Every structure is written in C-alpha cells, then in structure tokens.
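J.: What would the 3D arrangement of this be:
(one chain, ligands or ions: 1)
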Amino acid sequence: MKSFLDILKEKIIVFDGATGASLQTYDLTADDFGGKELEGCNEYLVISKPDAIKRLHHSFLDAGADVIETDTFGGTSIVLNEYQIGNLDYELSVKAAQIAKECANEYSTKGKQRFVAGSIGPTTKLPSLGHITLDDMSESYYRHMSGLFDGGVDLFCIETCQDPLQIKSALVAAQRVFEEKRKKLPLIVSVTVETMGTMLMGTEISAALTTLEPYDIIDVIGMNCATGPKEMEENIRYLCHNSPKYVFCMPNAGIPENVGGKAHYHLTPDEIDKWMSHFAGDLGVNIIGGCCGTTPEHIKRLANISERFSPQERNWEYTPSVSSIYSIAPMHIEPPPVLVGERCNANGSKQFKQLLMKEDYDAMVNMAKEQIKEGAHILDVCVAYVGRDEVKDITEVVRRFNTAVSIPIMIDSTEVKVIEAALKLYGGRAIINSINFEDGTAKADKILTLAKRYGSAVVCLSIDEEGQAYTFEKKVSIAKRIRDYAVEVHKMREEDLIFDALTFPLGSGQEDLRGSGINTINAIREIKKIMPKCKTILGISNSSFGLNPQIRHVLNSVFLHYAIEAGLDMCIVHAGKIMPLFKIDKKGRELCRELIFDERKFETIKN
Ligand code: THG
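T.: So this is what the prediction gives:
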C-alpha cells in the first residue's frame, strides 16, 4: 500500500463532490436528523441516519473519487453548540471517520486506493473580528481533529477558510494532535476566495500563500467553494506559479443562483470537465474535486481527467515575504531597501508614547496609516514602556492593527509573553524583532519555537553572552552562530532569518564607537557573502542619536546608502525622512561618509 503523499506525486487525485446539496436530495425528515431540534445538523446524521451518509460516500466512490470527505464540516463544538450538542464533538468526529473509512475500504483495491479526508470547516466565527480567541478556537479544533484522527482518517482537509487567523488556530490544533499522536497526517489547507476576489476578511491569495507557506505541516494549499472554476482561474494560476506546495482546487458548480428560494448551481459536467482539464493539464493542479452543487456526474468527469493527465511539472518561484491579513511585503525588493516604519514605537516616538499613555488606539492606527502613506512596507510595533503592562498593550494594539493596518508588522519586544500574545492575534505572517544570545540560547529557544508555531520570520541581533558586538569579527561570528543554531536546532529556514549587525550612534563623540559604522557595513557585506539566503536589517536612526534633526536625516540617509551598497535588505526608518543622495549637498555627504568610515579629520560633529 502506498501513502497518500506518494500517490500525490504520481497522479492527479480526485476528491468527492457536494455533501450538503447531495443530502438535500435525499429528502431527509426531522426524525432522520434525530428530532426537530437537530433538523439540518448534517453532522448528527452519522448517529441518527448513518445509512444516508454511507449512501453519499458510495455515490462518490462509485463515481471514481480517490478521496471521500467525512461528514464533519461543522464538526467543531463551536458549530455543534448551535444545536446544543457541542459536547458530542469528539464522538461525532470519530464516528464520521469510521463510517467513511469503512466505505473507502470496501472500494479500495491495490490498483486504486481510496482515502478518507477529515473535513474541517471554518466554523461560524471569525477570530480576526474578535468573535473568538485563537486559544478557544484552537481548543475546539483540537477536540474535533483528535476525533477524526482516532476514527482513522488518512488526512486532514482544513477547508472553506475565511480568515487567516482561523487557519492559524486550526494549524496550532493540528500541530498539537500530530505531536501527541507522534504521527503526522497529510494536511490540506483550502481557502475560499469570494466573488470580490479576496477571502471574506479581505485576504488576497498572495497573502494567504505567504501566511501558510512557512508551515512544514501543510502539504497542500488550494481553494474551494464560493465560485465556479472560471472565477478561480487567476488565483489558481497564481498558486501554481508561486506555491512550493501541492495545489488543490475544488470549485462550486458555478456561482449559486437563487431559483425559487433555493441555491441553484448551473455548471454542467461538460463545463466542469473543460475547466478542470485546463487546471490539471495546463496549470499543474494536483488535486481536483467538487464543492457546492457538484454531483456524482461531475465527479465521474474528474476521475476521467485524472486518467487523461499526469501531474504537470510546475516551475514555481516563491519570493520570501511577510504578510498582513490583506497583502504581502517581500523581504527583499529591487532596488532595496524594504522600509520598516519605525514610528509605532513607544521608545522611538514621543507622539506614539503619549497616545499609548492615553490609550488612544484610533490615533495609533492613524500613525500606522501615515507611515504607509510615507512609503513604509512593514511596520515595527513596540509598546514596551516602563510601568505599563506590555502584554495588555500589545494585545490592544495588535488586535486593531490586524484588521486596520494593511501592511505586515514586525513585533518589537524582548518579552516572550508579549511576542506570543501578538502572534496569537495576528492573522498575517509577522516578523519577530528580535532574538539574541545575551543569556545564551534559553530565551531564543522559546522565541524560535513561537516563530515555528506561527510561521514568523525572525530578526537576529549580534549580541551574545559577552554583550553587543562592536567589532567586525564579533558581529559576523555571532550572526553565524545564531544562524547555525536556528537552522539546526529549530529547523528555521535561512531565508526567514534577518540579521542585524547593530547600529550605534556615530556622532556622539564617544571614542569606543568610532569604528562602529564601518564595522557594521563590513559585517553586512560579510554576512551576505557567507549566508546569501539570509536577510539583513538595521535600525538606521540609531546612527544619528544625539544630533539635531536636520543633521540626523542627512546622516541616516547617507549611512543607509552605504549599508545598501554593502547588501542591506531592510531598514527600520522614518520612511518620510529618508533623502535620496542627490538631494544632499556634497559637503554634507562627504562629512557623513568620513564619520561612517571613521576617516574623521575633526573631533565631533557640531550640532
Ligand atoms: N534594530 C532592531 N530593532 C530596533 C532597532 C535596531 N528597534 C528600535 C530601534 N532600533 C529602531 N527604531 C527607532 C525608532 C525611533 C528612533 C530611532 C530608532 C528615533 N526617534 C527619534 C528620537 O528618539 O529622537 C524621534 C523622536 C520623536 O519622533 O518623538 O530616533 O537597531 N532590530
């Protein structure tokens, strides 16, 4: 017997068709559902009328489906509670899995194995809108998934996803189940892109891919529901061109039309055949199936496609990026740098600090939006302030930024609890700023574990047990040590590590900092040379602490120029205050250059 993932390499796999719409044609009575109060609860049918579910499975197995889905789309306690049976979540999931497995086994042959996918729906709540916390949602998913696992499903299908934060809570649960059972099942995540072209929360397909791509436990990413194949084409093409994971596509039989008060799906088997042949044969989709309105007749045609085509070679190209719930920001752009707005920082902006004190969150959101207007691609967010509860503050801020701010965030904190609280509220792919080896690896271990759990990228500072690195050698050797550790021990990918060789004030007149500009620039060049996949970043404004504002903008801009020349990918700056070099007079430029490269013919810069 081959595994599901082995077969996925060899053939286009066919899923089954609509559950809900098919069940409706069976004319089930209230009694069939187990009474008036359970009428319409399809998940309870595995207890009250298992024959109806078996009939459904058989109809799709007869049509040639390789995979049938369990009757558990609304199988979480969150949904079952609407029928007051949330406590039956585990039991119903086990039962549904057993019934499906029994049916699949009847049909399975050596030449055509049949599999069962545990259907895991989106529930009825959107965590990004504050309907439920990630922890509560995850707990509900965990019981549901444990039941599916114990009932014997071959894989998990987290489908019809509406909100990236909802997906993350399901992934936290899946990770927990796989760890507890010491066995990982193949896992599909399938998002629903509405007719307006984004997920319900406004998420573009690129943002969904960026948020999901870092998760090792996900094997397949795709789309299902909401529309027919025609409306999915551009997004399916995007996934096929960009996704390193297998691609899944399960459209409705067209956009539903209201016919006599009922949803009517009009796409014929011929039309589905035409589109899905194109997706599988030209674009390289690996798994095809049907969602709402698709019947065994449609699935028969998909099984035929699977016989006509083999999996196409996809020459995908993935650009390492981060995301908000809406859109993405690559971690390297041409020309560089990626601009990380520095102003939403209680230690870096008097205005932001005062707004935090007043707890004026709307105005904080406005500061974020101003930075986007000024050209920031990503926002650094820091609410650390002595005497305040940082976990509470980050919770208030990230909850709002998650939906109100269109660009990705960088969580700037040294506290593990704060980072964790932020990641639990953020639906995009965030950057954690930062880890270091100041107290050895203990704290970095905790933060890297969070980074893996939530798919984040991580800024790594050149700081070790002996303190901050001032010399070139120290900056590089610590970066290398952190890289090796993060990759080997925590299985981080090099492209998700962003090295900060540290920026110290250059104009302070402090003798021991004289060489620090050139050391930082040389360290960036060396880090890019020995770890070319890794990214680099600097908090540029640190370089000009203590100088007057006009001189600061000049020095920051010149320092940034040389850092970019050395290979800097990203910088934390006040985006609106960075000047192109041609706007700086020659004398000012030269003065700054001498300061940065420690060629000073003078003692200190005059304010
Ligand atoms: N590396 C990494 N993260 C960092 C830094 C770094 N985060 C914080 C900091 N350094 C980068 N952010 C800032 C933000 C603001 C300023 C400097 C660095 C700054 N602010 C003015 C001031 O304090 O004088 C503005 C004052 C105001 O507007 O009120 O200079 O190096 N990884």
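J.: Apart from its chain neighbours, what residue comes closest to the closest residue to the ligand within the stretch 301-450 of the chain?
T.: In the stretch 301-450 of the chain, the residue that lies nearest the ligand is Gly348 (2.5 Å; CB to the nearest ligand atom). Where C-beta positions appear, they are placed from N, C-alpha and C, glycine not excepted. Nearest residue to Gly348 in three dimensions, chain neighbours excluded: Glu342, at 5.4 Å (CB to CB, 6 or more residues apart in numbering).
J.: And for Tyr361?
T.: Per CB to CB, 6+ apart, closest to Tyr361 is Arg400, 5.4 Å.
J.: related to what we said a few turns ago, show me the contacts for the residue of the stretch 301-450 of the chain closest to the ligand.
T.: Residues near Gly348 by CB atoms under 8 Å, 6 or more residues apart in numbering: 342, 380, 382, 541.
J.: check the residues you listed against the ligand, which are close?
T.: Among the contacts of Gly348, the ones lying near the ligand by CB under 6 Å from any ligand atom are 342, 380, 541.
J.: Generate a markdown table for the residues you listed, with secondary structure and neighbour count as supplementary columns.
T.: Below are the ones next to the ligand among the contacts of Gly348 laid out as a markdown table (DSSP: H, G, I helix; E, B strand; the rest coil; neighbours: other CB atoms under 10 Å):
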| residue | secondary structure | neighbour count |
| --- | --- | --- |
| Glu342 | coil | 26 |
| Asp380 | strand | 24 |
| Ser541 | helix | 25 |
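J.: Return the closest of those with respect to Lys300.
T.: Among the ones next to the ligand among the contacts of Gly348, Asp380 lies closest to Lys300 (CB to CB), at 54.4 Å.
J.: Return the set of residues that bridge with the closest one.
T.: Met410 (DSSP bridges).
J.: That one reaches Asp412, doesn't it?
T.: Yes: Asp380 sits in contact with Asp412 when judged by CB atoms under 8 Å, with a separation of 5.0 Å.
J.: list residues touching both of those two?
T.: 345, 433.
J.: Tell me which other helices or strands the helix or strand bottoming out on mean pLDDT in the chain touches.
T.: Among the helices and strands of the chain, strand 262-264 carries the lowest confidence by mean pLDDT, DSSP states H and E, at a mean of 87. Where contact means 3 or more CB pairs under 8 Å, 6 or more residues apart in numbering; DSSP states H and E, strand 262-264 is packed against strand 257-259.
J.: Now the strand it packs on: buried residues?
T.: Residues of strand 257-259 classed as buried: none (neighbour count, 16 or more other CB atoms under 10 Å).
J.: Just checking the distance from stretch 135-143 to the centre of its chain.
T.: Stretch 135-143 sits 18 Å away from the centroid of its parent chain (CA atoms, centre = their mean, to the nearest Å).
J.: what does it rub up against?
T.: 76-78, 89-90, 93, 120, 123, 125, 127, 166, 169-170, 172-174, 176-177, 424.
J.: Relative to Val191, how far out is the most centrally placed residue in the chain?
T.: Nearest to the mean C-alpha position of the chain, counting by CA atoms, centre = their mean, stands Thr211 at 1.5 Å. Separation of Thr211 from Val191 (CB to CB, to the nearest Å): 10 Å.
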